[in-house]
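Colleague: based on what follows, work out the 3D shape:
(chains A and B)
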Amino acid sequence: MTAQDIIFYLLAAFTLVTGFLAVTTTKIFRSAIFLLFSLIGIAGIYFWLEYEFIAAVQIVVYVGGIVVLIIFSIFLTQEAGANLPDTAMTKKITGGIAAACGFGFTLLQVLQHNFIGTTEPGIEPSVANIGNRMLGVNEFGYSLPFEVVSILLLAAMVGCIVIALKKPVEK
Amino acid sequence: MTGIGLTHILFVSISLFFIGVYGFLTRRNMIMMLMSIELILNSVNLNFIAFNKYLWANKMDGLFFTIFIIAIAAAEAAVAIAIIINLYRSHRSIDVEDASDLKF
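Modeller: Here you go, the predicted model:
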């Protein structure tokens, strides 16, 4: 077992344990912090896979953006230190059975399937390559989805503003 | 050549996906459900990156899917939190059991 393997196992264990704690802990603020560590663990796996750009995007968008947004909404909507009402045991059992069955079935499929990859030389996922592809209009370009996503972000921003607007006071 | 293959990473992503499913099924708080959805989306991203690296390294499709999923997840989280805060303003609660106005 090389050092690279050990690092992967550590990252995977860290991600899974903090992810599990995030969905099971009773205090909602702790849950958000555990989610943050889980997302950092996933960014670490991206670094391990040598996809540095995706890892950076993961840290900037998820850790720096979405988790901060979630913590803000926790502060706005409830007492951060309070315990959440505990879920009913029947719900826990049925949810656990459903998740475990899905996990077993999917893992069985993955283990039975024989993945055949390409033998062609790979493209390095460097920022220059990603940028050329992202804005390319030739066969492998992604400029149309890029524009569609920008429209989607604009629509989401307008939607958020409309939802957050206060209703005008009736005279 | 390292001993870690595609199956190891798929195991991590499957585990994370079903941890998210478990959280989504058991928690009744809307912010907790949103966090579970973030975990599910992250496991899918990990899956795309793993397939891109180990099976189709000559293309960058998985990488671009991941980038677009991250962008859409950010938009989705922002809209969801706007809705949650608005719901809290009108109902003083973000428990899904209390949001039953549309229930027939």
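Colleague: burial measure for residue A:1, as a count.
Modeller: Residue A:1 sits with 9 neighbouring residues when counted by other CB atoms under 10 Å in any protein chain shown. From N, CA and C alone the C-beta is placed, and that goes for glycine too.
Colleague: same question, the one 4 residues further on
Modeller: When neighbours are counted by other CB under 10 Å, residue A:5 registers 13.
Colleague: surely it forms part of a strand?
Modeller: No. Assessed with DSSP: H, G, I helix; E, B strand; the rest coil, residue A:5 is helix; it does not lie in a strand.
Colleague: go ahead and confirm it touches residue B:4.
Modeller: Yes. Residue A:5 lies in contact with residue B:4 (CB atoms under 8 Å); the separation is 5.6 Å.
Colleague: now stretch B:4-14: how far from the chain's centre is it?
Modeller: Counting by CA atoms, centre = their mean, to the nearest Å, stretch B:4-14 is centred 18 Å from the centre of its parent chain.
Colleague: state the mean pLDDT of that stretch.
Modeller: When pLDDT is averaged along stretch B:4-14, the result is 90.
Colleague: low pLDDT regions in the chain?
Modeller: Going with chain A. Judged against pLDDT under 70, the low-scoring parts of chain A cover residues A:79-82, A:169-171.
Colleague: that answer is for a different chain, and I need it for chain B
Modeller: Low-confidence segments of chain B, defined by pLDDT under 70, span residues B:1-2.
Colleague: helices of that one, start to end?
Modeller: B:6-26, B:30-54, B:61-91 (DSSP state H).
Colleague: I'd like the ones you listed laid out as a markdown table, including distance to residue A:124 and mean neighbour count.
Modeller: Converted to a markdown table, those look like this (distance: least, CB to CB, whole Å; neighbours: other CB atoms under 10 Å in any protein chain shown):
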| stretch | distance to residue A:124 | mean neighbour count |
| --- | --- | --- |
| helix B:6-26 | 19 | 21 |
| helix B:30-54 | 11 | 23 |
| helix B:61-91 | 11 | 18 |
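Colleague: okay if I get those helices as TSV plus distance to chain A?
Modeller: Shown next, in TSV, are those (distance: least, CB to the nearest CB, whole Å):
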stretch	distance to chain A
helix B:6-26	3
helix B:30-54	5
helix B:61-91	4
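Colleague: dump the ones you listed to TSV, plus distance to residue A:25.
Modeller: Formatted as TSV, the helices of chain B follow (distance: least, CB to CB, whole Å):
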stretch	distance to residue A:25
helix B:6-26	10
helix B:30-54	10
helix B:61-91	19
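Colleague: so which of the ones you listed gets nearest residue A:149?
Modeller: helix B:61-91 (5.0 Å; CB to CB).
Colleague: in which helix or strand does the nearest residue to residue A:21 once chain neighbours are set aside reside?
Modeller: Spatial nearest neighbour of residue A:21, chain neighbours left out: residue A:34 (4.5 Å); criterion: CB to CB, 6 or more residues apart in numbering or on different chains. In the assignment (DSSP states H and E), residue A:34 maps to helix A:28-48.
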